[in-house]
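Asks: Task: produce atomic coordinates for the following.
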Amino acid sequence: MNFKLNRWLWVAAALLAVPFVLLNFNHAAEPPESTAVASTTKPSPEVVALRAEVECLKGLTPSQSHAMADVGYHFANCWFAAQKQNWPLAQFN
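Replies: All right, here's what the predicted structure looks like:
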């Protein structure tokens, strides 16, 4: 009986969630009003300069994959150091 109750609770939860998901998709498709107004006005020279500077800085920073590879390397070293109880190596990482 517990299995049947759990199954019906999952079905009821799924049916109740469908309208919320559909409403969220409808709102995501509409652009915000501030974007529509901003696109019709010409940006000031300061805004243009800031956008160019941001694009330049984006090219200088490393990607997220580089940071994740470094983190993975350090965690792997800590794991192996803990397995061998090499605490100075674990503290170094």
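Asks: use CA for all of it now, contacts and neighbours both
Replies: Fine.
Asks: quick one: Ala76 and Ala90, what's the gap?
Replies: 10 Å (CA to CA, to the nearest Å).
Asks: ok, those two, which is more surrounded?
Replies: Higher neighbour count among Ala76 and Ala90: Ala90, with 17 against 13, using other CA atoms under 10 Å.
Asks: so the more buried one is in which element?
Replies: helix 87-92 (DSSP states H and E).
Asks: Show me which positions of that helix end up buried.
Replies: Going by neighbour count (16 or more other CA atoms under 10 Å), the buried part of helix 87-92 is Ala90.
Asks: any idea of the mean pLDDT for that helix?
Replies: Taken as a whole, helix 87-92 has a mean pLDDT of 84.
Asks: which strands and helices sit next to it?
Replies: helix 64-83 (3 or more CA pairs under 8 Å, 6 or more residues apart in numbering; DSSP states H and E).
Asks: If we go by neighbour counts, what in the helix it packs on is buried?
Replies: Asn77, Cys78, Ala81.
Asks: possible to save those residues as TSV with pLDDT and distance to Ala52?
Replies: Converted to TSV, the buried residues of helix 64-83 look like this (pLDDT from 0 to 100; distance: CA to CA, whole Å):
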residue	pLDDT	distance to Ala52
Asn77	90	40
Cys78	90	41
Ala81	91	46
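Asks: So, low pLDDT: which residues of the protein?
Replies: 1-12, 14-16, 18-39, 93 (pLDDT under 70).
Asks: Identify the residues contacting Ala82.
Replies: Ala90 (CA atoms under 8 Å, 6 or more residues apart in numbering).
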